[in-house]
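K.L.:
Output the structure for:
(2 chains)
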Amino acid sequence: MQSKMLAPLFLMLVFLSGCMSESQTIIDDEGARESSFDWGLPDSIPLPQEPDDNPMTEEKFQLGRHLFYDARLSTNGTVSCSSCHHQDKAFSDGVDRATGATGDVHPRNSQTLVNVAWYQTLTWGNPSLGTIEQQITLPLFGDDPIEHGLNESNSEQIIQAIQADPVYSELFISAFPDQDDPLLGDLVWDNTIKSLASFVRGLVSFDSPYDQGELTDSAKRGEALFNGERLECFHCHAGYNFSDATIDRETTFAELDFHNTGLYNIDGLGAYPSPNTGRHEVTGKAEHMGQFRAQSLRNIELSAPYNHDGSVATLEDVVSNYARGGRLIASGENSGDGRVSPVKDGFIVSFEITDDEVSDVVEFLKSLTDTTFINNPRFSDPWTEDD
Amino acid sequence: MKHYFSLFTLFIPLLAQAHYIPSQDEPITVKASLSATWRSDNIVDENEYWQIPGTNMGGDAWPVEEGLQIDEMKLGLGARIDENTYAIVEIGTHASDSDDHSSVSLEHAYVGYVCCEEFGPLVLEVGKMSAAFSPSLSAHASDSLTSESSLAADVFFGRYFHDEGARVMWHTDSITAGAEVWKGDAFPATASAGYAWDAFARYQWKGSNLSFVSGAWLYRSSAETRADHRYGGGHQHTPVAVPGETASIFPDTRFTGDTDLYGIHADFAYTSDSESWKAGMKAEYMGMQMDGTLHDAIGRTAYLDSEQTGSWAQPYITIKDHTFGVRAEWLTSDNLITGAAADQLGTDSGMANPTGFEPSRYTAVWLWQWKENIALRTEVVDDQSLLEDKLRFGVGIIWKQTLWPFNSKSHH
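P.N.:
Predicted coordinates for the structure are as follows:
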């Protein structure tokens, strides 16, 4: 009987030793790290999504680069994309609000063009603009305000100018090798937009001191504050692109996040000055008043003045507004206390902060400045090279 | 009715040392236990997260720490209400990280009903309780030979299993069988995904010198956005490190899907005629299948298909008041992660195992029953559960006593 009782134990030991399979983990990312374009990314950054109808190629990037710096893409030959997006300012322009080809002043501050490929939506406050291709038509063809000023009456003339330029002939054919004549008729505009989008999509900045792990002691203190319970900065300026409006190839679904930071409260109900009311302009919903997309903080040092209308001069002022829980405008047509806005974001709460701590936070933000990016010849004006 | 108690005397200690039924002879019992251990080293450093490669951990599977640590404290009340009915209430605290996770919690609060001698008897229990399907799962530091729970229990069940549910068990002289249904609060389940359940059966035999128990069990559960609540699952911030050190934010990856486990276990012992020594072996093998989705707060998802195994074997010999034993443990994982975010989520969730690493751990124990209610324990642990091999020593004390009635005895 006792020998029979040993049998199950023996079987157990056999089972223990025999059933141990070899360990492995197979990762199948279904091509998420593959692209026909050399993005030049560090391994830690996932590739951005590329539109199926406009995959990235180096040829389209180079064509878009020429178009980006070409003032012929405006009604009077005075404005190019680069007029409001200067490389040395991380493709912002250093003024509170830009002026278009015909003198219209844009209600919004010119954004940086940094890692735009990772943005979930384009522009400051439009939740429906999901691709760069969509967005580019606004500065080119929009009339409220007029930026480049292109329209039906002048587009034919601009097409002819592009068609006549031998540099473009070569670039278009190279960029769109499957088309018999990529400069033919309206196909020019479709190809122009795709190429401009490819160039903007390829403006990649992940080589700052922060990325290199070279923070000063002050910046390290600032980073801790940035990610701390007291300041709560990182909730909206989250992740590797320092914006919660970030998506990439790994993103399956994402919520649309826009935030009212308490910058204005001109009627006691949280109103922002018209027409600059952010997401509310598109949806018309009262709860969307003053909601804007959280901008990436990469190269933020270079893009003063700040906020959607360029109404805040310095990073120190931005931090102070957040510390107060909203901006106070004591007098004038926009007077009001943003701190008591009923529609501001829940993360905009007042907090105590010393001047030294403000300096530390700003020092951390400056560690996101990528000098390689702003000096990269790949992103510079090609026409000066061609000359 | 006396027949019930003779049966319980046989099977209850084998079923789960933490589980008991108050007798009618002693209708009120109060039991207390404490296990404390000083260890020479941590598993992981202070600002690091304990994540065994190839696994997705959670629950209360906190890493042991250097220095003195209370492994657990328990205080339990058992009441025999009438011939058929009884109730158990137990509070306890377990070792955890150094912050505020070691608060006292209600671990057992259930009512039991025992009846139907002609069929078995049958036992029905309802309330918050430990699972009974695996004997090792409900054996805590003061019950088991080693102070550290098994790697398999840590990885597959988050160390402990306390949940609200119902249990029915049927017994004969040699067979115990039962089933349990759970609300789903205990790792690896989540209540939002519905009920978890298990079924178990075991065979027990006792001769003049030999005794033997073997059993098998099956557990099935589902989870919805299951977090690793040791470090994540809520409002996330970068941990505060001391000046000069760094700490990274925990990647709060979630799992939604099914987790099915099965296991077999055996407990064999030989007792000498004079009862001056006893030798035996305990062993358990668990297999787990995970099928679902890994995802995180920024919209990344990947599909997970995982098969994992965990096992341990523990030979021991007891000579008078001294027990010497060795526990060997092994884990394996075979994971397939598919999707654009597979690489990142595989890393963040802990399921990535690029080198095919197979965790193991070997523990040598000397336990001395110094006094009637106090035992001293010395351990040497060769911990190969992480990529870096660690050797640590432990010296501990176990106090285990029946406080009421006064004249009762408790042994480890």
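K.L.:
Return the residues of the stretch 101-250 of chain A in contact with chain B.
P.N.:
A:A224, A:N227, A:G228, A:E229, A:F234, A:A238, A:G239, A:D244, A:T246, A:I247, A:R249, A:E250 (Cβ under 8 Å from any Cβ of the partner chain). For every residue, glycine as well, the C-beta is placed using N, CA and C.
K.L.:
same thing with the stretch 251-387 of chain A?
P.N.:
So the stretch 251-387 of chain A meets chain B at A:T251, A:T252, A:F253, A:A254, A:E255 (Cβ under 8 Å from any Cβ).
K.L.:
Check the residues you listed and tell me the two furthest apart.
P.N.:
A:T252 and A:E255 (12.0 Å; Cβ to Cβ).
K.L.:
Are there residues contacting both of these two? Which ones?
P.N.:
Shared contacts of A:T252 and A:E255 (Cβ atoms under 8 Å, 6 or more residues apart in numbering or on different chains): B:G299.
K.L.:
Looking at those two, which is more packed in?
P.N.:
Per other Cβ atoms under 10 Å in any protein chain shown, whichever of A:T252 and A:E255 has more neighbours is A:T252, with 16 against 10.
K.L.:
where are the low-confidence patches of the chain?
P.N.:
Reading this off chain A. For chain A, the stretches with pLDDT under 70 are A:1-21, A:386-387.
K.L.:
You answered for a different chain; I wanted chain B.
P.N.:
For chain B, the stretches flagged by pLDDT under 70 are B:1-19, B:96-102, B:235-246, B:408-412.
K.L.:
who touches whatever residue of it ends up closest to chain A in this structure?
P.N.:
For chain B, the residue closest to chain A is B:A341, as judged by Cβ to the nearest Cβ, at 3.3 Å. Applying Cβ under 8 Å, 6+ apart, we find B:A341 in contact with A:D29, A:A32, A:P46, A:R249, A:E250, A:T251, A:T252, B:L294, B:R300, B:T301, B:A302.
K.L.:
Please tell me how far the residue in the stretch 151-300 of chain A that chain B sits nearest to sits from B:N353.
P.N.:
As assessed by Cβ to the nearest Cβ, chain B sits closest to A:E250 within the stretch 151-300 of chain A, at 3.3 Å. According to Cβ to Cβ, to the nearest Å, A:E250 stands 20 Å off from B:N353.
K.L.:
Please apply the same query to A:S36.
P.N.:
Computed with Cβ to Cβ, the distance linking A:S36 and B:N353 is 31 Å.
K.L.:
and the two? which has more neighbours close in?
P.N.:
B:N353 (23 against 9).
K.L.:
Test my guess that the more buried one contacts A:E22.
P.N.:
No. B:N353 is beyond contact range of A:E22, at 10.8 Å (criterion: Cβ atoms under 8 Å).
K.L.:
So for those two, which residues contact both of them?
P.N.:
Residues within reach of B:N353 and of A:E22 at once, by Cβ under 8 Å, 6+ apart: there are none.
K.L.:
The strand or helix carrying B:E180: what's the following helix or strand?
P.N.:
Under the criterion of DSSP states H and E, B:E180 resides in strand B:175-182. Once strand B:175-182 ends, the next helix or strand along the chain (criterion: DSSP H and E) is strand B:196-206.
K.L.:
And that next one, what's buried?
P.N.:
B:A196, B:W197, B:D198, B:F200, B:A201, B:R202, B:Y203, B:Q204, B:W205, B:K206 (16 or more other Cβ atoms under 10 Å in any protein chain shown).
K.L.:
give me the number of residues near B:D173?
P.N.:
By other Cβ under 10 Å, 11 other residues sit near B:D173.
K.L.:
Make sure I have this right: it is in a helix.
P.N.:
No. Read with DSSP: H, G, I helix; E, B strand; the rest coil, B:D173 is coil and lies in no helix.
K.L.:
mind checking how far it is from A:S341?
P.N.:
Taken as Cβ to Cβ, the span from B:D173 to A:S341 is 75 Å.
K.L.:
Could you pull up the residues touching residue 325?
P.N.:
Unless you meant another one, I'm taking chain A. A:G262, A:G338, A:R339, A:I348, A:V349, A:S350, A:F351.
K.L.:
wait, I meant chain B there
P.N.:
B:L145, B:T146, B:Q314, B:P315, B:Y316, B:I317, B:A364, B:V365, B:L367.
K.L.:
Could you rerun that using 6 Å?
P.N.:
Applying Cβ atoms under 6 Å, 6 or more residues apart in numbering or on different chains to B:G325 gives the contacts B:L145, B:Q314, B:Y316, B:V365.
K.L.:
Same check on A:E30?
P.N.:
For A:E30, the contacting residues are B:A340, by Cβ under 6 Å, 6+ apart.
K.L.:
Now with 10 Å, please.
P.N.:
A:R249, B:A302, B:T338, B:G339, B:A340, B:A341, B:A342 (Cβ atoms under 10 Å, 6 or more residues apart in numbering or on different chains).
K.L.:
which residues of chain B fall in helices?
P.N.:
Using DSSP state H, the helices of chain B run over B:2-15, B:151-157, B:342-349.
K.L.:
Now the residue minimising distance to the centre of chain A: closest residue in space that isn't a chain neighbour?
P.N.:
Closest residue to the average C-alpha location of chain A: A:V116 at 3.8 Å, with Cα atoms, centre = their mean. Distances taken as Cβ to Cβ, 6 or more residues apart in numbering or on different chains put A:V200 closest to A:V116, at 5.4 Å, once the chain neighbours are dropped.
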